[in-house]
Structure formats: structure tokens, C-alpha cells
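Engineer: Just a sequence and a predicted model for now, questions to come.
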Amino acid sequence: MNWIILFVAGLLEIGWAVGLKYTNGFTRLGPSLFTLGAMSGSVVLLGLAMRTLPLGTAYAVWTGIGTVGTAIAGMMMLGEPAGAMRLGCIALIVAGILGLKLLTPG
């Protein structure tokens with residue numbers, strides 16, 4: 001269950017990172033409220049997942065999910081480059097996340 005909580009926390013991290021782009025320096029109310037809510041939810045869920053998951057593993061997986069998801073969102077939504085090397089690096093992060101999941105009980 002804590003892995004599911006951690007995964008949702010990572011999804012919320014993607015949400016706030018993408019939302020941050022649309023806040024215009026927190027001058028737009030809707031995107032700002034969404035971003036702040038996603039930030040809060042992400043950190044709360046990360047804390048809940050850390051009740052049983054090791055700190056280093058939980059934090060690395062959380063940031064990894066956020067990193068991969070935000071990079072993909074940037075490519076899909078904002079026209080950021082999606083070259084082979086960039087995609088390969090993203091694949092390495094995914095491999096690291098999966099490795100941590102497979103090697104960590106809980």
C-alpha cells in the first residue's frame with residue numbers, strides 16, 4: 001500500500017511541477033491554487049509512505065517519478081526536445097526506480 005501512496009505522491013509532484021509553469025510567478029489564481037494543493041498533497045503522501053519505506057528509497061523514487069513525468073509532460077505539452085539521448089536518460093531513471101522498487105521490501 002505504501003508503494004501506491006508513494007506513486008500517487010510522485011504523480012502529484014508532476015502536477016505541481018507542470019502547474020508551476022502556468023502560475024506565471026503565482027500571479028494566476030487557478031493554476032497557483034492547483035500547484036499549491038498538489039505540492040501539499042505530494043509532500044503529505046511522501047511522508048505517509050515513509051512510515052515504512054526507507055528514506056533514501058522513498059525520496060529517490062518520488063523525485064524519479066516527478067523527474068520522468070515532468071520531462072515527458074514538457075515534451076508532450078510544451079514542445080521540449082525528445083531526442084534519443086534524452087529518452088535514453090529518462091529510461092535510465094525509470095530503470096533506477098524499478099530497481100529500487102524490486103530491491104526494497106514493503
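Structural biologist: Here it is on my side, so go on. Numbers count the residues shown, from 1 in each chain.
Engineer: Every contact and neighbour count from this point should use C-alpha atoms.
Structural biologist: Noted.
Engineer: Now for the closest residue in space to Leu29 that isn't next to it in sequence: which residues touch it?
Structural biologist: Spatially, and ignoring its direct neighbours in sequence, Leu29 is nearest to Thr23 (7.4 Å; Cα to Cα, 6 or more residues apart in numbering). Residues near Thr23 by Cα atoms under 8 Å, 6 or more residues apart in numbering: 29-32, 35.
Engineer: Need the three-state assignment for the most centrally placed residue in the chain.
Structural biologist: By Cα atoms, centre = their mean, the chain has its centre lying nearest to Gly66, at 1.8 Å. What DSSP: H, G, I helix; E, B strand; the rest coil gives for Gly66 is helix.
Engineer: can you tell me the helix or strand for Ile60?
Structural biologist: I think there's a mix-up here, since residue 60 is Ala and not Ile. Using DSSP states H and E, Ala60 sits in helix 55-78.
Engineer: likewise Leu11?
Structural biologist: Per DSSP H and E: helix 2-22 holds Leu11.
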